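A.B. asks: A structural model of the following input is requested.
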Amino acid sequence: MRRTVVALVVAALAFVLVGCGGGADEPAADPAAADPAAAAPAPAAPVAPVYMTDRSANLDEATPTVFPSFTETITPHAFQAKLDARRPMLILFYDSEQIVTKEIRSEIDAVIASYRGLIDLVTFDVSGDGDPKAAEAATMYAAELGVQTTPHTLVVDRDAFIIWQWRGFVDKDTLRREVERATR
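C.D. replies: As a prediction, this is how the structure comes out:
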């Protein structure tokens, strides 16, 4: 029985090799292709990095949820003052050691400049930027809000509902749409 199975596996591999071109004769080498300097293409211009976001992990279409009451810690004044005044918030949890931080901050700053006075920006650096107490506090606040990765953006409307969340890089057009929705 083993010999039969081994023979079938070997035969299947042989068919795969022949079907993929492994059994065919190689064409004669082109003399122009043999010179690597002549055949090498010119290097392409550097391209800005494209940030890929796993959209399956985002809550873009999630149902709005009530801004949670903090159970492990006291609700930070940065949140409580805005909730009491019924001010919409854009909350960003980030890590200053990540490369994407500058890009996402520039996108957020562009949107916030357009909606100045209508929405407040609240940011937390989970690395603490050298301050262990700030890092611990930001990490506790992130855990209370269910934030597991950075950057993580949340939009809270004036009725204290988290209406939108995004994990990873987000462009200013998407941010603008969600900020406008929160400020209506």
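
A.B. asks: is V122 within a helix or a strand, and which one?
C.D. replies: Assigned by DSSP states H and E, V122 belongs to strand 120-125.

A.B. asks: right, I mislabeled it, should have said T150
C.D. replies: Using DSSP H and E, no helix or strand contains T150.

A.B. asks: for this protein, which helix or strand comes out least confident on mean pLDDT?
C.D. replies: helix 31-34 (a mean of 53; mean pLDDT, DSSP states H and E).

A.B. asks: show me where this protein has its helices.
C.D. replies: Shown for the chain, the helices assigned by DSSP state H span residues 2-19, 31-34, 36-39, 77-84, 100-114, 132-144, 172-183.

A.B. asks: would you turn the ones you listed into a markdown table with distance to V66?
C.D. replies: Using the backbone N, CA and C atoms, a C-beta is placed for each residue, glycine as well. Output for the helices of the chain, formatted as a markdown table (distance: least, C-beta to C-beta, whole Å):
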| stretch | distance to V66 |
| --- | --- |
| helix 2-19 | 57 |
| helix 31-34 | 66 |
| helix 36-39 | 63 |
| helix 77-84 | 11 |
| helix 100-114 | 24 |
| helix 132-144 | 13 |
| helix 172-183 | 15 |
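
A.B. asks: among these, which is nearest S69?
C.D. replies: Of all those, helix 132-144 sits nearest to S69, with 9.0 Å by C-beta to C-beta.

A.B. asks: tell me what angle that closest one forms with helix 77-84.
C.D. replies: Per axes from the mean of the first three to the mean of the last three C-alpha atoms, to 10 degrees, the angle that helix 132-144 makes with helix 77-84 is 40 degrees.

A.B. asks: mind listing what's buried in helix 132-144?
C.D. replies: A135, A137, A138, T139, M140, Y141, A142, E144 (16 or more other C-beta atoms under 10 Å).

A.B. asks: what's the most distant pair in those?
C.D. replies: Checking the buried residues of helix 132-144 with C-beta to C-beta, the most distant pair is A135 and E144, at 15.1 Å.

A.B. asks: which ones are touching the residue nearest to D171 when sequence neighbours are not counted?
C.D. replies: Spatial nearest neighbour of D171, chain neighbours left out: E107 (6.0 Å); criterion: C-beta to C-beta, 6 or more residues apart in numbering. For E107, the contacting residues are F169, V170, D171, K172, L175, by C-beta atoms under 8 Å, 6 or more residues apart in numbering.
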